[in-house]
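Asker: mind looking at a prediction? Sequence and model below.
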Amino acid sequence: MTLETKKSVFVELGKFLSQFSEGASAPKSDVLYNDIFFDDFENLIRLSQSHNGWYTPEQVYFSIQSWAEALTAENIDKWLSAYSFDSAQSGKTVALILAGNIPLVGFHDFLSVLITGNKALIKTSSNDQHLLPFLAKYLIAVDENLKDSITFVEGKLENFDAVIATGSNNTARYFEYYFKDKPSIIRKNRNSAAILTGKETNEELEALGEDIFRYFGLGCRNVSKLFIPKEYSFDAFFQAMFKYQDVIHYEKYANNYDYNKAVFLMSNFKLLDNGFLTLKEDSSYASPISSVFYEYYDNLEELKKRLQENADQIQCIVSSNLTANSIAFGETQKPQLWDYADNVDTITFLLTTK
């Protein structure tokens, strides 16, 4: 398959995904193989929560729409224009060990392996076993040449040339040992933070709520830590968060809220609480579900230096252009194709690894 052919296949997938949205899914006449796949995919979306309680239809539709917006010819061309495929080390079998914290979280790795002319040997998370295999079947229907490039395995991974693995800090140590003789990208825990000045508009703070609550806060791109100036008042923050109050009606989230709040209170921690989100002063970047940690800063330049030193713990920084490469409020869960997890360029790795 030529690069242009592979691009066109994923553009077709983007068109297919664009048909699905909460309460408004509808087939389009120019989309390939809707007679085979449309109804089954809609049913799979609605069944996702039975496979993983966190995969509510709202969250799955959001992920699908995000990928539909990303997989356009313009975006794919822009993404790949930065690379030379002339001397690409293609034809490798790349093992993918995928996470399952949010829907289709491993899709970018899957896409990257195939678009660079390699074969994907995929071990899905037990929390996300259905969405990606379904989309793989659609891709193969569009171009059957992909059939030999996509393999899903349930047992031991064998006969591969390189590996991309995502897990916790604990599993990462296992991965690093187990795959020590293979070229690899090993991803660990990361969290995202926001820098506030107290001058944010209500619209910006409401958008920050999207960064906090999307996927119930389970993603590495979710904001779990706030940096605030001395004498910061949380009044405007909590007023903006009120928009997301319905999250507490979701049982799994509510259970985490009750449990984590009880743990904090039993430990005599001082909390700020609005009935569905707790705020705790803490130096850690990783807060539990339903809670956000905060920390005061005196000097913005010193804070930026510290964040740079802690870059290996941080996925995204949200602010009003206060740091280099900061992300706008409300945009953390809408990464572009060229926004790489952990800032590790997957395409370069795949093109240059022998």
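Answerer: Perfect, thanks for sending it.

Asker: report all helices and strands that the helix or strand containing Ser50 contacts.
Answerer: Using DSSP states H and E, the element containing Ser50 is helix 34-51. Contact analysis of helix 34-51 by 3 or more C-beta pairs under 8 Å, 6 or more residues apart in numbering; DSSP states H and E lists helix 3-17, helix 57-70, helix 131-142 as its packing neighbours. C-betas here are computed from N, CA, C, even on glycine.

Asker: going along the chain, name the helices of this protein.
Answerer: For the chain, the helices defined by DSSP state H cover 3-17, 34-51, 57-70, 73-80, 107-115, 131-142, 169-178, 202-213, 235-241, 251-266, 300-309, 346-352.

Asker: who's in contact with the fourth one?
Answerer: To tie it back to what came earlier, the one meant is helix 73-80. 3, 7-8, 10-11, 69, 115, 336-338, 347 (C-beta atoms under 8 Å, 6 or more residues apart in numbering).

Asker: quick revisit: rebuild the helices and strands packed on helix 34-51 as CSV, extending it with mean pLDDT, mean neighbour count and distance to Ser50.
Answerer: CSV is the format used below for these (pLDDT from 0 to 100; neighbours: other C-beta atoms under 10 Å; distance: least, C-beta to C-beta, whole Å):
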stretch, mean pLDDT, mean neighbour count, distance to Ser50
helix 3-17, 97, 19, 21
helix 57-70, 98, 19, 11
helix 131-142, 98, 19, 13
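
Asker: residues touching Lys261, list them.
Answerer: Lys261 touches 271, 273, 278, 290-291, counting by C-beta under 8 Å, 6+ apart.

Asker: for the residues you listed, pick the one with the most neighbours.
Answerer: Ser290 (23 neighbours; other C-beta atoms under 10 Å).

Asker: ok now stretch 20-27, how far from the chain's centre?
Answerer: In terms of C-alpha atoms, centre = their mean, to the nearest Å, the centre of stretch 20-27 is set 22 Å apart from its chain centre.

Asker: how about stretch 202-221?
Answerer: 13 Å.

Asker: start and end of it, how far apart?
Answerer: 22 Å (C-alpha to C-alpha, to the nearest Å).

Asker: Ala328 is nearest to which of the helices of the chain?
Answerer: Of all these, helix 202-213 sits nearest to Ala328, with 7.6 Å by C-beta to C-beta.

Asker: show me what counts as buried in that closest one.
Answerer: Buried residues in helix 202-213, counted by 16 or more other C-beta atoms under 10 Å: 204-213.

Asker: quick one: residues contacting Ala254.
Answerer: Ala254 neighbours (C-beta under 8 Å, 6+ apart): Ile248.

Asker: what of Leu3?
Answerer: Leu3 neighbours (C-beta under 8 Å, 6+ apart): 80, 85, 115, 117.

Asker: please spell out the PyMOL selection for the buried subset of these.
Answerer: Entered in PyMOL, the line below selects the buried ones among these, by 16+ other C-beta under 10 Å:
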select buried, resi 80+115+117
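
Asker: return the item of the contacts of Leu3 having minimum pLDDT.
Answerer: Within the contacts of Leu3, the minimum per-residue pLDDT falls on Phe85 (90).

Asker: wait, doesn't that residue sit right on Leu350?
Answerer: No: assessed by C-beta atoms under 8 Å, Phe85 is found out of contact with Leu350, at 10.5 Å.

Asker: which residues are in contact with each of the two?
Answerer: Thr116.

Asker: so which of the contacts of Leu3 comes closest to Pro229?
Answerer: Taking the contacts of Leu3 together and measuring to Pro229 by C-beta to C-beta, the closest member is Leu80, at 41.6 Å.

Asker: wouldn't Asn169 be in contact with Asn189 here?
Answerer: Yes: counting by C-beta under 8 Å, Asn169 touches Asn189, with 5.0 Å between them.

Asker: these two: which is more packed in?
Answerer: Using other C-beta under 10 Å as the criterion, Asn169 and Asn189 rank with Asn189 on top: 16 against 11.

Asker: wait, the more buried one touches Asp312, no?
Answerer: No: Asn189 lies out of contact with Asp312 (C-beta under 8 Å); the separation is 10.2 Å.

Asker: check contacts around the closest residue to Ser18 other than its chain neighbours.
Answerer: Leaving aside its sequence neighbours, Ser18 sits nearest to Ala68 (C-beta to C-beta, 6 or more residues apart in numbering; 4.0 Å). Neighbouring residues of Ala68 by C-beta under 8 Å, 6+ apart: 14-15, 17-18, 20.

Asker: I'd like those laid out as CSV, including distance to Leu218.
Answerer: Compiled in CSV, the contacts of Ala68 are given as follows (distance: C-beta to C-beta, whole Å):
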residue, distance to Leu218
Gly14, 25
Lys15, 28
Leu17, 21
Ser18, 25
Phe20, 21
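
Asker: list just the nearest of those to Ser284.
Answerer: The closest of the contacts of Ala68, once distances to Ser284 are taken by C-beta to C-beta, is Leu17, at 36.0 Å.

Asker: need the nearest residue in space to the closest one, chain neighbours excluded.
Answerer: Ala68 (3.8 Å).
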